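Peer 1: got a structure for you, letters missing:
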């Protein structure tokens with residue numbers, strides 16, 4: 001697979017001002033990473049970074065007004081902090097053609113509007129899901145979800161009232177190639193509920209012997 005230098009060269013030949021950044025200091029030290037160009041994009045490879053290093057790096061980019069695509073190893077996708085202000089993510093090592101397409105979409109999003117489109121939000125009472133930044137808030141407070149928890153929540157919230165069997169959730173969130181049992185779904189639903197539900201908020205209903213559904217009220 002192409003290395004960082006080749007990938008950056010590929011993107012720049014497409015008119016995309018891309019740079020790989022691996023630390024907060026990279027962002028602070030590089031004067032060209034100032035967010036002044038709408039074509040500016042940061043690529044953060046999380047392969048050899050700790051969770052705290054990823055957070056600091058991505059946050060520094062966001063504060064500088066730079067859109068971020070995270071390169072995430074498939075084995076670590078479940079550990080990704082969905083509260084991070086990411087524009088997009090791609091499995092690492094990335095397919096060059098897919099990276100170019102994702103970069104174009106990311107920048108087109110910026111060029112079409114400087115504000116977030118309302119269609120990027122799913123609002124259910126005090127719960128807000130930002131499908132662009134993968135951010136979830138409750139009463140204005142950011143909720144830290146693992147990637148699978150976020151995927152489950154979004155799937156259910158986009159289909160309020162629809163009953164999903166455990167098998168359906170397993171297939172749509174984990175994929176048909178996943179060999180774990182449906183118990184995985186129950187465990188993730190329980191963790192998700194512990195983060196978004198309390199005495200005043202109840203969103204996910206258990207349909208006994210079947211699965212789950214999302215309630216708007």
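Peer 2: All right, it came through fine. From a predicted model like this one, the values you see are computed outputs, not experimental measurements. Numbers count the residues shown, from 1 in each chain.
Peer 1: so what's the residue nearest to the spatial centre of the chain up against?
Peer 2: By Cα atoms, centre = their mean, the mean C-alpha position of the chain lies nearest to residue 134, the distance being 4.2 Å. Counting by Cβ atoms under 8 Å, 6 or more residues apart in numbering, residue 134 makes contact with 82-84, 86, 150. Using the backbone N, CA and C atoms, a C-beta is placed for each residue, glycine as well.
Peer 1: how much space separates it from residue 53?
Peer 2: 19 Å (Cβ to Cβ, to the nearest Å).
Peer 1: which strand residues bridge residue 17?
Peer 2: residue 40 (DSSP bridges).
Peer 1: need the pLDDT of it.
Peer 2: Note for residue 17: predicted pLDDT of 88.
Peer 1: tell me how far it lies from residue 107.
Peer 2: On the measure of Cβ to Cβ, residue 17 and residue 107 end up 9 Å apart.
Peer 1: the more surrounded of the two?
Peer 2: Between residue 17 and residue 107, counting by other Cβ atoms under 10 Å, residue 107 is the more crowded of the two (22 against 18).
Peer 1: so that one sits right up against residue 42, yeah?
Peer 2: No: between residue 107 and residue 42 there is no contact under Cβ atoms under 8 Å: 11.8 Å.
Peer 1: between these two, what contacts are shared?
Peer 2: residue 67.
Peer 1: thought residue 214 was touching residue 203?
Peer 2: Yes: counting by Cβ under 8 Å, residue 214 touches residue 203, with 6.0 Å between them.
Peer 1: so where's this structure shaky on pLDDT?
Peer 2: Scanning the chain for pLDDT under 70 picks out the ranges 1, 30-39, 109-119, 176-180, 217.
Peer 1: domain parsing for it?
Peer 2: Per automatic domain parsing, the domain ranges recorded for the chain read 4-112, 118-214.
Peer 1: quick one: the helices in the protein?
Peer 2: Secondary structure of the chain by DSSP state H: the helices cover 4-13, 24-29, 51-63, 96-112, 147-157, 166-169, 183-196.
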